[in-house]
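Enquirer: I'll drop the sequence and a predicted model, then ask my questions.
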Amino acid sequence: MINTLYIHAGSHKTGSTSIQRFLRINQDALREDGIAIPGLKGILKPTPDLTNYGLYPQAFHALARVRQPIAIISRENFSWVDDINKLMALRDVLYKHAHKVKIIFYLRRQDSLAISQKQEGTKWFDCSVAYGHEPTALPSKLSEVARRYLDFEQKVSMWAKVFAKDNIILRVFEPQHLVECDVVKDFCYVLGLQPDYYQFPEKANESLGRISQLFLHQSQPAFADGSIARHRLIRAVRDFDRRNNNNDDKLLPDKDEAIAFYQQFKAANARLNQDYKLTDSEHLFNEDFSQYPELGNGRMLTLGEINEIYADLFADFSFVDSDEDGQWKRKQSAQLRDIALSLPPQCLSQKIQLLTLALQLNPNGQYIRQQLTQLTAQTMVEQ
């Protein structure tokens with residue numbers, strides 16, 4: 001039976017990916033030190049509107065196979081769970097396999113967290129549902145699911161009622177409150193690990209630049225969330241972002257908007273800080289807003305700007321050196337074909353443009369030629 005089970009429950013955009021990479025690349029070394037990283041499947045699953053988020057306690061029975069005294073489960077999607085009854089069912093299962101259960105949350109100031117999560121909404125279904133696709137850094141109206149997520153006092157209180165306050169570990173995601181200003185080293189400190197004995201993952205900045213974010217927000221009606229076409233478009237946009245060095249140009253609200261957004265949670269933050277004694281600041285977080293401009297930079301991209309980005313993305317797919325492997329060409333052609341055919345009927349011109357490029361890569365693609373002929377004929381009829 002496990003002596004101590006740690007549940008790293010989030011929040012999103014607080015270094016969770018780096019922590020999970022650390023656990024993955026050090027899995028063997030951690031096992032030798034008596035720490036298991038169980039690969040549980042099917043424990044969490046989003047619902048269409050994120051309410052009553054799917055948490056499946058029966059999937060945790062695999063913990064019975066763990067032989068190490070310590071186990072760690074890291075899933076930031078625990079932070080979406082808002083049903084205390086599901087947490088109680090989870091607790092009952094976990095205590096069949098562990099003597100102690102500790103819950104770890106990293107907390108980030110709400111305005112900064114929401115900006116990062118809304119950006120993630122260009123790529124991931126859950127944040128898309130929570131924050132929407134307005135061409136702005138912050139939503140003009142906060143959804144109830146996002147409000148519940150960002151209300152740390154309410155969330156922590158719910159987990160504490162189920163697992164007991166003494167088993168809740170809260171860390172503030174600000175450099176001055178992290179060990180050596182590093183979230184992975186801070187996580188090691190929480191677990192009592194000596195970081196010098198382990199490998200550390202390279203820091204990777206996966207954020208998108210302003211233009212790329214706006215483009216993905218505005219292209220969402222044509223490339224639906226969760227679709228294969230959407231995932232392929234996102235990969236292409238990431239390459240576009242790196243190619244054009246857009247990462248330094250961030251989508252930001254103006255200072256007053258960020259402050260007003262944060263004010264919604266300030267009193268609750270203060271009560272949480274008073275309860276857990278996390279920082280010397282009355283309201284939990286550093287309240288410096290100097291990183292924001294006086295004027296925000298969110299806006300709708302013009303049709304011309306959108307078409308330029310599409311042209312750049314599509315041209316990148318079609319560019320092939322003369323000595324390129326024919327198999328590579330056919331693979332890229334198939335990707336373009338699949339994206340084109342997954343687009344909705346109203347995106348006829350984009351379908352034709354993609355299929356034209358696909359045929360250039362694979363002139364022998366009879367199915368591509370057939371579809372292109374049909375769509376071109378459809379265009380002539382509509383004109």
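Expert: Noted; the coordinates are in hand.
Enquirer: tell me which element residue 358 falls in.
Expert: Using DSSP states H and E, residue 358 sits within helix 348-361.
Enquirer: from the chain's centre, how far out does the next helix-or-strand element following that helix sit?
Expert: Using DSSP H and E, the next helix or strand after helix 348-361 towards the C-terminus is helix 366-382. In this view, helix 366-382 has its centroid 38 Å away from the chain centroid, taken as CA atoms, centre = their mean, to the nearest Å.
Enquirer: Show me what helix 366-382 is packed up against.
Expert: helix 326-342, helix 348-361 (3 or more CB pairs under 8 Å, 6 or more residues apart in numbering; DSSP states H and E). All C-beta spots, glycine's among them, are computed from the backbone N, C-alpha and C.
Enquirer: In terms of pLDDT, where does residue 244 sit?
Expert: Listed pLDDT for residue 244 reads 75.
Enquirer: typo on my end, residue 237
Expert: pLDDT, residue 237: 87.
Enquirer: That one in helix, strand or coil?
Expert: For residue 237, the assignment made with DSSP: H, G, I helix; E, B strand; the rest coil gives helix.
Enquirer: Who are the contact partners of it?
Expert: By CB atoms under 8 Å, 6 or more residues apart in numbering, the residues touching residue 237 are 208, 212, 215, 216, 313.
Enquirer: Could you list every helix and strand that the helix holding residue 358 packs against?
Expert: helix 303-318, helix 326-342, helix 366-382.
Enquirer: any chance of the helices and strands packed on helix 366-382 in TSV, with mean neighbour count and distance to residue 30 too?
Expert: Shown next, in TSV, are the helices and strands packed on helix 366-382 (neighbours: other CB atoms under 10 Å; distance: least, CB to CB, whole Å):
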stretch	mean neighbour count	distance to residue 30
helix 326-342	17	37
helix 348-361	20	45
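Enquirer: Might one say that residue 143 is in contact with residue 130?
Expert: Yes. With contacts counted by CB atoms under 8 Å, residue 143 reaches residue 130, the gap being 5.8 Å.
Enquirer: out of those two, which sits in the more crowded spot?
Expert: With neighbours defined as other CB atoms under 10 Å, residue 143 and residue 130 compare such that residue 130 has more, 27 against 15.
Enquirer: tell me which element the more buried one falls in.
Expert: Here residue 130 is assigned to helix 125-131, by DSSP H and E.
Enquirer: same for that helix, what does it pack against?
Expert: Here helix 125-131 touches helix 110-120, helix 144-150, going by 3+ CB pairs under 8 Å, 6+ apart.
Enquirer: who wins for proximity to residue 178 among those?
Expert: The closest of those to residue 178 is helix 110-120. By CB to CB, the value is 14.6 Å.
Enquirer: mean confidence score for the closest one?
Expert: In this model, helix 110-120 carries a mean pLDDT of 96.
Enquirer: cool, and stretch 154-166?
Expert: In this model, stretch 154-166 has a mean pLDDT of 98.
Enquirer: Buried ones in that stretch, by neighbour count?
Expert: Neighbour counts over stretch 154-166 (16 or more other CB atoms under 10 Å) mark 155, 156, 157, 158, 159, 160, 162, 163 as buried.
Enquirer: before we move on, the earlier item: need the least confident one among the helices and strands packed on helix 366-382, by mean pLDDT.
Expert: Within the helices and strands packed on helix 366-382, confidence is poorest for helix 326-342, with a mean of 76 (mean pLDDT).
Enquirer: So which elements touch that helix?
Expert: Helix 326-342 sits against helix 228-243, helix 303-318, helix 348-361, helix 366-382, with contacts defined as 3+ CB pairs under 8 Å, 6+ apart.
Enquirer: Please identify the deepest-packed of these.
Expert: Mean neighbour count (mean count of other CB atoms under 10 Å) peaks for helix 348-361 among these, with a mean of 20.
Enquirer: distance between it and the chain's centre?
Expert: Averaging C-alpha positions (CA atoms, centre = their mean) puts helix 348-361 31 Å from its chain's average.
Enquirer: who touches that helix?
Expert: Contact partners of helix 348-361, identified using CB under 8 Å, 6+ apart, comprise 222, 310, 314, 317-318, 320, 329-330, 332-334, 336-337, 339-341, 343, 365, 368-369, 371-372, 375-376, 378-379, 382.
Enquirer: roughly how far apart are residue 329 and residue 359?
Expert: Separation of residue 329 from residue 359 (CB to CB, to the nearest Å): 11 Å.
Enquirer: just residue 305 next, same as before
Expert: 27 Å.
Enquirer: Checking residue 300 next. Helix, strand or coil?
Expert: Following three-state DSSP, we place residue 300 in the coil state.
Enquirer: residues near it, how many?
Expert: With neighbours defined by other CB under 10 Å, the count for residue 300 comes to 13.
Enquirer: wait, what's in contact with residue 60?
Expert: Applying CB under 8 Å, 6+ apart, we find residue 60 in contact with 40, 43, 90, 93, 94, 97.
Enquirer: and the last one, what is it in contact with?
Expert: If a contact means CB under 8 Å, 6+ apart, then residue 97 has 1, 2, 5, 60, 61, 63, 64, 66 as its contacts.
Enquirer: Please produce a PyMOL select command covering the buried subset of these.
Expert: Command for PyMOL that selects the buried part of these, burial taken from 16+ other CB under 10 Å:
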select buried, resi 2+5+60+63+66
